[in-house]
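Trainee: sequence plus predicted model, see below.
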Amino acid sequence: MYIMSYLDVILTRRSIRRYETRDIPQDVLENIFEAGRQSPSAVNKQPIRFIAVTDKELKKFFSDALFNRFIKDAPVVLVGCADVEALLTGKWAVVDTCIALENMVIAAWSLGVGSCWIGAFNEEKIKKLLNIPERWKIVALVTFGYPAEQPRPRKKKKIEELFSFNNF
């Protein structure tokens, strides 16, 4: 059995939009969630909250735009929320939520579970549907499930176009 290095996990991860119908076992989900819980956050305040949506009817409500129709077919949809009014750290809550979500995406891939970040969603509709308080911002939705596809690598910009030393 080949075990991927952490760098292999990062470099081979792809956005998955087609999933097998099988559920993710509870222990696998808990490991993914633990990766999010262990993520760094400003002053370690963790102004974050995640709602794991597995209910088929709820997931149908999320699938309302051209770019997110596949949500309804994912075994789990994680709704990543940031407490943007948190004392001291509210302005960093969105960043903290993104870090936690990325930790979970990478952990999931290392466990054979695919994912896809989703930014196309109706925040007010989902907040109402899931009883999310006003002070919380939905940062992203992330689908999780066992891949039913193997997307090829996408073309990326050259390193020189993204990084420089000592000035822009």
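Mentor: Alright, I've got the coordinates. Nothing here was measured: the structure is a model prediction, and the numbers come from that model.
Trainee: can you map out the strands along this structure?
Mentor: Counting by DSSP state E, residue ranges of the strands within the chain are 48-53, 76-83, 114-118, 136-145.
Trainee: look up how far Val95 lies from the most centrally placed residue in the chain.
Mentor: Residue closest to the average C-alpha location in the chain (C-alpha atoms, centre = their mean): Val142, at 3.6 Å. For Val142, the distance to Val95 (C-beta to C-beta, to the nearest Å) stands at 16 Å. For the C-beta atoms, the positions are set from N, CA and C on the backbone; glycine is no exception.
Trainee: then Phe61?
Mentor: If you go by C-beta to C-beta, the gap between Phe61 and Val95 works out to 28 Å.
Trainee: roughly how far apart are Glu20 and Glu30?
Mentor: As defined by C-beta to C-beta, Glu20 lies at a distance of 20 Å from Glu30.
Trainee: quick revisit: so what's the residue nearest to the residue nearest to the centre of the chain when sequence neighbours are not counted bridging to?
Mentor: Residue nearest to Val142 in three dimensions, not counting chain neighbours: Leu78, with 4.7 Å by C-beta to C-beta, 6 or more residues apart in numbering. Each beta-bridge partner of Leu78 is listed here, defined by DSSP bridges: Ala52, Val142.
Trainee: appreciated, that's everything.
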